[in-house]
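> Build me a structure from this.
(chains A and B)
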There are 2 protein chains.
Amino acid sequence: MRKISIFTIWLLINTTTFAQRTLRGEQEIISPEIHGNNTVTFRLNAPQATGVEITGDFLPEPEMQTPTGGNDAQGVAELIKHDNGVWEYTTPAPLSPELYSYTFTVDGVRVIDPANVYAIRNENKIYSIFIIGGSHADLYKANNVPHGTVSRRWYNSPSLNMDRRITIYTPAGYEQSKEEYPVFYLLHGAGGDEDSWTTFGRASHILDNLIAQGKAQPMIVVMTNGNSGQQSAPGESANGMYKPSFTDYLRMDGEFEKSFPDVVHFIENNYRVKTDKANRAIAGLSMGGFHSLHISKQYPDLFDYVGLFSAVVNPREDMTSEVYQNTDEKLKVQFAQNPKIYYIAIGATDFLFDANVAFRKRLDENKYPYVYYENGGGHIWKNWRIYLAEFAQMLFK
Amino acid sequence: MRKISIFTIWLLINTTTFAQRTLRGEQEIISPEIHGNNTVTFRLNAPQATGVEITGDFLPEPEMQTPTGGNDAQGVAELIKHDNGVWEYTTPAPLSPELYSYTFTVDGVRVIDPANVYAIRNENKIYSIFIIGGSHADLYKANNVPHGTVSRRWYNSPSLNMDRRITIYTPAGYEQSKEEYPVFYLLHGAGGDEDSWTTFGRASHILDNLIAQGKAQPMIVVMTNGNSGQQSAPGESANGMYKPSFTDYLRMDGEFEKSFPDVVHFIENNYRVKTDKANRAIAGLSMGGFHSLHISKQYPDLFDYVGLFSAVVNPREDMTSEVYQNTDEKLKVQFAQNPKIYYIAIGATDFLFDANVAFRKRLDENKYPYVYYENGGGHIWKNWRIYLAEFAQMLFK
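Next up, the predicted model:
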């Protein structure tokens, strides 16, 4: 047989390809470049562009937080063009530890950073991301610790009369263990889906790290799709690759809340889990907080831990589902059963802040105990990751 | 308690936000728009841009196929600017059924389509995708069929002395069944990782659909990371969110092949599977075909089904691992055990075509039986999805 080293040819071809790419400049750009002092330089090779801006959540934010999923209210800065055609922006000060997201706007067109392969969809937009390590942001990294398993599977919901996609985190060691585990049901916000908490939310990384540090109990985390009319995240059902819009999701008709025992039933029949109230938690962000509030009072025997992260607390007036009626009576029943932790967290500039003040007053007036966590910032993923990490450490102890 | 309908305010805010977005034009663009006759219109709102091109694998391809992962050799067309600032390109003819990928180039900057949320990383680039349904491309869609589970988990490889990330597809019904399942090990190419076959490769959708149609046996599909120096896909290990480059991956030192029994051991100790040669298959694309060739002859007792998809067949001359030595003798041992199917598939314009001709000649000379599938096209994902669907239907019957 001829010994043609086609593989050598392959490598040669590739070398040529890379050289061409480098001539085009595409490959030599490093962006974002995180410097030793945690300032960050963003670069875009765009000799023909007339203007490049960066929009990011590390730039000064507008005061009003818009509530569409945590990534809209971002500041803007201009990149400066250098003689070589590369545009640059360097943050004037070091960035504090965080997972940040951003996009470029090139001659008016909003795009992700072509030099950064780390990009996540949030609702109907894709963002480039990067992490400045340190303190709480180290929880968001894939570290050298035992890793749990993240499964995308499907369950049947008889109440909603459909098969539905669900994301399940089982902690490292679950498969080999004979132990039964507690379960934490973690719900997304409006515009989100069963993928949100493991993408922008970094839930699997947060749990891997907290469990490895001994700060959280090993637990199963169940991330549902909270849009009652939807089987799955966009693109993963027979609806095909449609263009999602925020309003598609706004169907807060009480049906998801009513169907929630289907989820619990599925988990408790398919996983090696503890099945008592003391070993079930539920929490969610924004609309998911709303869901958690209403599910936990609708089914007061189910959850000993309830977390409302930047929660919508009041139903809109046209939401007439039975689930949203007689709230005072239902809360009375729920709190009579002494949930171990009822946790409320919100940022001081969140547009839902006043509504949460009013809701806490309602709890105070009835002497219902709760844990309250308030920080800065608004209705954003930065806060939801922090609340998740705080809340997860309180569970099942 | 005051009945503030903060939710109404929320919706109002959102309406305003959408109106603003619409004024900016970002939200009103539909792209890609697949027309009834399967022509497709692509649109980009870019009033300030001076030139917009589309690069896609549905456009006439250059003759030479570059081998860097299946998405480089794409044709280019220009979008035309309309008075409203929206650029458009409509394919001159209907597109045949396929999953297609593309990018825009806006004033020299390569970007994904901002109006299309369906985007996939391949190596170190992100591409927008869409599907034209019909015939084989219906296998790539999420259809209304029972869905398997896709898990990202970690296994320990004593041979490579590291924990490694792995993707595992278990078919619909696996969790409830008491049956033992056959296992198909499916390997990626150079530049890929354990995510490749479920993203660009659509492996979970292809298997869901073939199994639902009764065309493939229910089987477990195990998708490894074939880069022996790497724990996981970029961003999922303690190496952080580094910028991947194609050459990072090229470490064909025989170590992955030698370590493969670690994977088999992990699967057979953690899943309800059949553990005989007749119930194990291995296949891979390009470098993964090379791995499959060498693993299957290195461990001739393991696999009754071997698939080489556009495979690299010869080691580079400086690859001196014991794994790549004495190929003729090892093939003799392997074929003496009568593997049920040895499958070779390649496209007529693949840069590896001649090497595969030579390899088949080597098999012919020794009267080693194999199944050969040749089609048009080159070293591209289009072909690898087709080969997967072909090969999966032959397995375990």
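> Could you chop chain A up by domain?
Split into domains by automatic domain parsing, chain A comes to A:31-133, A:139-392.
> Can you lay out the ones you listed as JSON lines showing distance to chain B?
(Glycine included, C-beta is placed from N, CA and C.) Converted to JSON lines, those look like this (distance: least, C-beta to the nearest C-beta, whole Å):
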{"stretch": "domain A:31-133", "distance to chain B": "4"}
{"stretch": "domain A:139-392", "distance to chain B": "4"}
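> Serialize those to TSV and add fields for mean neighbour count and mean pLDDT.
Formatted as TSV, those follow (neighbours: other C-beta atoms under 10 Å in any protein chain shown; pLDDT from 0 to 100):
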stretch	mean neighbour count	mean pLDDT
domain A:31-133	19	89
domain A:139-392	20	95
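> of the ones you listed, which approaches B:D301 most closely?
domain A:139-392 (26.6 Å; C-beta to C-beta).
> contacts for stretch A:231-244?
With contact meaning C-beta atoms under 8 Å, 6 or more residues apart in numbering or on different chains, stretch A:231-244 is reached by A:123-124, A:162-165, A:193-195, A:225, A:230, B:30, B:115-118, B:129-131, B:133, B:141-144.
> Just give the nearest non-adjacent residue to A:F58, would you?
Closest residue to A:F58 apart from its sequence neighbours, by C-beta to C-beta, 6 or more residues apart in numbering or on different chains: A:Y100 at 4.7 Å.
> The host helix or strand of the one you found: how far from the chain's middle?
Taking DSSP states H and E as the criterion, A:Y100 maps to strand A:98-106. Relative to the chain's own centre, strand A:98-106 is displaced by 16 Å; criterion: C-alpha atoms, centre = their mean, to the nearest Å.
> Check which helices and strands that strand sits against.
If contacts are counted by 3 or more C-beta pairs under 8 Å, 6 or more residues apart in numbering or on different chains; DSSP states H and E, strand A:98-106 sits against strand A:40-45, strand A:52-56, strand A:109-111, strand A:125-132, helix A:381-392.
> Mind doing that once more with 6 Å?
When contacts are defined as 3 or more C-beta pairs under 6 Å, 6 or more residues apart in numbering or on different chains; DSSP states H and E, strand A:98-106 packs onto strand A:52-56, strand A:125-132.
> Now do it and strand A:40-45, the angle between them.
In terms of direction (axes from the mean of the first three to the mean of the last three C-alpha atoms, to 10 degrees), strand A:98-106 departs from strand A:40-45 by 30 degrees.
> any idea of the angle strand A:98-106 forms with helix A:381-392?
Using the same axes, to 10 degrees: strand A:98-106 against helix A:381-392 is 160 degrees.
> Strand A:98-106: partners in the sheet, and parallel or antiparallel?
Here strand A:98-106 has these sheet partners by DSSP bridges: strand A:52-56 (antiparallel), strand A:109-111 (antiparallel), strand A:125-132 (antiparallel).
> ok, residues contacting the next helix or strand after the first one?
So the one you mean is strand A:52-56. Heading C-terminal from strand A:52-56, the first helix or strand you meet, by DSSP H and E, is strand A:75-78. In this structure, residues lying in contact with strand A:75-78 by C-beta atoms under 6 Å, 6 or more residues apart in numbering or on different chains are A:E53, A:I54, A:T55, A:L59, A:P60, A:E61, A:Y89.
> Strand A:75-78 pairs with which strands?
Applying DSSP bridges to the sheet, strand A:75-78 is found paired with strand A:52-56 (antiparallel).
> got the CA positions of the helix or strand harbouring A:L331 in PDB?
Following DSSP H and E, one finds A:L331 within helix A:327-336. The C-alpha trace of helix A:327-336 is given here as PDB (Å, rounded to 0.1, in the frame of the first residue of the first chain):
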ATOM      1  CA  THR A 327     -54.400  34.400  48.800                       C
ATOM      2  CA  ASP A 328     -54.800  35.400  52.400                       C
ATOM      3  CA  GLU A 329     -56.600  32.300  53.400                       C
ATOM      4  CA  LYS A 330     -54.100  30.100  51.500                       C
ATOM      5  CA  LEU A 331     -51.100  31.800  53.000                       C
ATOM      6  CA  LYS A 332     -52.600  31.300  56.400                       C
ATOM      7  CA  VAL A 333     -52.900  27.600  55.800                       C
ATOM      8  CA  GLN A 334     -49.300  27.500  54.400                       C
ATOM      9  CA  PHE A 335     -47.800  29.300  57.300                       C
ATOM     10  CA  ALA A 336     -49.800  27.300  59.800                       C
END
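> Can you spell out which helices and strands pack onto it?
Here helix A:327-336 is seen to pack against helix A:287-298 when contacts are counted using 3+ C-beta pairs under 6 Å, 6+ apart.
> what's next to the helix it packs on, contact-wise?
By C-beta under 6 Å, 6+ apart, the surrounding residues in contact with helix A:287-298 are A:187-190, A:226, A:257, A:260, A:282-284, A:303, A:306, A:308-309, A:311-312, A:323, A:330-331, A:334.
> Check which element follows that helix along the chain.
As assigned by DSSP H and E, the chain's next helix or strand after helix A:287-298 is strand A:305-309.
> C-alpha coordinates for that next one, CSV please?
Taking Å, rounded to 0.1, in the frame of the first residue of the first chain, the C-alpha atoms of strand A:305-309 are listed here in CSV:
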residue,chain,number,x,y,z
TYR,A,305,-38.4,25.8,51.6
VAL,A,306,-39.8,28.6,49.4
GLY,A,307,-37.7,31.2,47.6
LEU,A,308,-38.9,34.3,45.8
PHE,A,309,-36.1,35.9,43.8
